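Visitor: Generate a structure from the sequence data that follows.
(one chain, ligands or ions: 2)
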Amino acid sequence: MSFSSNSPIVCNLPRVTIVGAGRVGSTLAQRIAEKNLADVVLLDIILGMPQGLALDLVEARGIELHNRQIIGTNNYADTSGSQIVVITAGIPRKTGMSRDDLLKTNAKIVVEAAKNAIAYSPNAIFIVVTNPLDVMTYLAWQATGLPRSRIMGMAGVLDSARFETFIALELGVLPADVKAMVLGSHGDLMVPLSRYATVNGIPITELLDTATIARLVERTRNGGAEIVELMQTGGAFFAPASATSVMVESILLNQSRLLPAAAYLQGEYGLEDVVIGVPCRLGCSGIESVLELNLTDGEREALHTSAQSVRKNIERSQEILANN
Ligand SMILES: NC(=O)C1=CN([C@@H]2O[C@H](COP(=O)(O)OP(=O)(O)OC[C@H]3O[C@@H](n4cnc5c(N)ncnc54)[C@H](O)[C@@H]3O)[C@@H](O)[C@H]2O)C=CC1
Ligand SMILES: O=C([O-])CC(=O)C(=O)O
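Guide: Numbering: from 1, shown residues only. Ligands and ions are numbered 1, 2, ... in the order given. Alright, predicted model coming up:
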């Protein structure tokens, strides 16, 4: 028996490149392939490692019932023509460290990764994951020269998911029924908006007392550190990969989901020339719009304090890069 064929069919399947095939990167590759969203190129500086991971993922395809291509490489030429580039390359923090302690090492890695990736995928939308997230997104924006709609950072979806999880655990309800949004920088100064958090439309302020909400907000702020302290050898990666995959999905499927993303601001919320987490509509052209919510004076002040700390680190990063 044989298959007959007419003319060869050329299929242009979407392709997502992930720079950094460590824990977040490789888990994200698995999510993207198993959700059948795109073919994946996993790139890392460690020779053989992304190739081995890709082969492992390819060998699971028959079991997971998908047929996405997954390529591992150390060469940016293999990433060409990607619709989305995700940057997870860099070091994660260890116990006792803050995300800002990673700035010096990761700044150079992210700038190099962004420059190399844009050279081969000039039309790509970039999602940065490497910490400290807001500063790294700013550096990738600078390095690529992309319009702000095509570059964003992942943090708010993760921080919001943590807030939702802690609310759900407290109330004993399904996490998917809880909706919340966390804005601001990905650090201790993030801004969880309790006022807007609901359980299927019911404000949590109707369900929980002020002290309990304050405790859940504090746990959300420390969500990353809580896992780093438990694991001792790096940080979270399952939920970060899930969070990144929904951003990828909203872009590739043009879902126009309203998700918190770290975006370069040009006057929104009274902030300029800084990257910080705000609600964004994500579709096939990237950030289609930034939603400006009505904030209380306290929330607005918290957002500005958060932006101020990002600005300081952007300045630090410029000095670091200038001296190299
Ligand atoms: N934005 C967020 O919400 C989150 C951010 N992160 C951050 O993501 C980053 C990655 O975390 P993990 O995957 O856990 O770390 P990991 O150490 O498992 O993986 C990082 C990978 O980057 C690679 N790498 C280093 N320099 C490179 C270069 N120049 N080019 C290509 N690859 C390079 C390493 O070889 C390694 O495989 C960290 O900075 C971490 O803090 C992690 C979780 C959540
Ligand atoms: O805490 C870390 O270092 C990793 C991260 O950003 C998170 O899990 O939120």
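Visitor: correct me, but residue 187 touches residue 312?
Guide: No. Judged on Cβ atoms under 8 Å, residue 187 makes no contact with residue 312 at a distance of 11.6 Å. In this view, the C-beta of every residue, glycine as well, is placed from N, C-alpha and C.
Visitor: Which of those two has more residues huddled nearby?
Guide: residue 187 (23 against 12; other Cβ atoms under 10 Å).
Visitor: any idea how far residue 249 is from that one?
Guide: Per Cβ to Cβ, to the nearest Å, residue 187 is found 26 Å from residue 249.
Visitor: before we move on, what SS does the residue in the stretch 101-250 of the chain that ligand 2 sits nearest to have?
Guide: Closest approach of the stretch 101-250 of the chain to ligand 2 (Cβ to the nearest ligand atom) occurs at residue 224, with a separation of 2.3 Å. Using DSSP: H, G, I helix; E, B strand; the rest coil, the structure places residue 224 in helix.
Visitor: Let me know how buried it is, in neighbour terms.
Guide: Residue 224, neighbours per other Cβ under 10 Å, totals 26.
Visitor: Check the residue nearest in space to the middle of the chain and give its pLDDT.
Guide: The residue lying closest to the centre of the chain (Cα atoms, centre = their mean) is residue 154, at 2.2 Å. pLDDT, residue 154: 98.
Visitor: And it, its phi and psi?
Guide: Main-chain torsions, residue 154, degrees, to the nearest 10: phi -100, psi 120.
Visitor: Next: residue 289.
Guide: Torsion angles, degrees, to the nearest 10, at residue 289: phi -160, psi 160.
Visitor: wait, it sits on residue 282?
Guide: No. In terms of Cβ under 8 Å, residue 289 does not count as a neighbour of residue 282; the distance is 9.7 Å.
Visitor: Would you mind telling me which of the two has the busier surroundings?
Guide: Higher neighbour count among residue 289 and residue 282: residue 282, with 27 against 14, using other Cβ under 10 Å.
Visitor: which element is the nearest residue to the more buried one once chain neighbours are set aside on?
Guide: Computed as Cβ to Cβ, 6 or more residues apart in numbering, the closest residue to residue 282 that is not its neighbour in sequence is residue 250, at 4.2 Å. Applying DSSP states H and E as the criterion places residue 250 in helix 238-252.
Visitor: do the same with residue 308
Guide: Counting by DSSP H and E, residue 308 is found in helix 297-322.
Visitor: in the stretch 101-250 of the chain, which spans are strands?
Guide: For the stretch 101-250 of the chain, the strands defined by DSSP state E, counting those that start in this stretch occupy 125-128, 151-153, 178-179, 182-183, 191-192, 198-199, 202-203.
Visitor: Give me the neighbour count for residue 269.
Guide: Close neighbours of residue 269, defined as other Cβ under 10 Å, add up to 20.
Visitor: so it sits in a helix?
Guide: Yes. The assignment for residue 269 is a helix, going by three-state DSSP.
Visitor: who's in contact with it?
Guide: Counting by Cβ atoms under 8 Å, 6 or more residues apart in numbering, residue 269 touches 278, 292, 295, 300, 303-304.
Visitor: from what I can see residue 34 touches residue 67, true?
Guide: No. At 11.4 Å, residue 34 does not count as touching residue 67 under the criterion of Cβ under 8 Å.
Visitor: These two - which one has more neighbours?
Guide: Neighbour count, other Cβ under 10 Å: between residue 34 and residue 67, residue 34 has more, with 16 against 12.
Visitor: Check the gap between the residue lying closest to the more buried one once chain neighbours are set aside and residue 73 for me.
Guide: In space, and not counting its chain neighbours, residue 34 is closest to residue 64: 5.2 Å by Cβ to Cβ, 6+ apart. For residue 64, the distance to residue 73 equals 22 Å [Cβ to Cβ].
Visitor: Pick out whichever of the two has more residues nearby.
Guide: Using other Cβ under 10 Å as the criterion, residue 64 and residue 73 rank with residue 73 on top: 17 against 13.
Visitor: pLDDT at that one, what is it?
Guide: pLDDT at residue 73 comes out at 98.
Visitor: Enumerate every residue touching it.
Guide: Counted by Cβ under 8 Å, 6+ apart, residue 73 has contacts 41-43, 50-51, 79.
Visitor: And it, its phi and psi?
Guide: Torsion angles, degrees, to the nearest 10, at residue 73: phi -160, psi 160.
Visitor: Spell out which residues of the protein are next to ligand 1.
Guide: 19-25, 44-46, 88-93, 102, 106, 109, 112-113, 129-131, 133, 154-155, 158, 186, 234-237, 240 (Cβ under 6 Å from any ligand atom).
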